[in-house]
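Novice: quick check, what structure comes out for this input:
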Amino acid sequence: MKCYRCGGTMVFEKFYGICEEFFGWRCIFCGEIVDKVILENRLEQKR
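Specialist: Residues are numbered from 1 along each chain as shown. Prediction:
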């Protein structure tokens, strides 16, 4: 997967929040993080 921000390589990782764990993609160059919720929100904003 390519990063939308910089075009770099994205890696699939497990992230840890205060009360939960979730999986998403992180760019190894710029640090952009994308998961299911982020993608849904971005698609909703474009409408």
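Novice: what about the helices in this protein?
Specialist: Listed in chain order, the helices of the chain (DSSP state H) span 36-46.
Novice: centroid-nearest residue for it?
Specialist: Nearest residue to the geometric centre of the chain (CA atoms, centre = their mean): residue 34, 1.0 Å.
Novice: who are the contact partners of that residue?
Specialist: Counting by CB atoms under 8 Å, 6 or more residues apart in numbering, residue 34 touches 4, 10, 24, 25, 26. (C-beta placed from N, C-alpha, C; glycine too.)
Novice: ok, these vs residue 47, which is closest?
Specialist: residue 4 (17.7 Å; CB to CB).
Novice: thought the closest one was touching residue 32?
Specialist: Yes - between residue 4 and residue 32 there is a contact under CB atoms under 8 Å: 7.0 Å.
Novice: residue ranges of the strands in the protein, please?
Specialist: Ranges of strands within the chain are 10-16, 21-27, 33-34, based on DSSP state E.
Novice: now do the last one, average pLDDT.
Specialist: Here the mean pLDDT over strand 33-34 is 96, rounded to a whole number.
Novice: sheet partners, orientation included, of that strand?
Specialist: With DSSP bridges as the test, strand 33-34 is paired with strand 21-27 (antiparallel).
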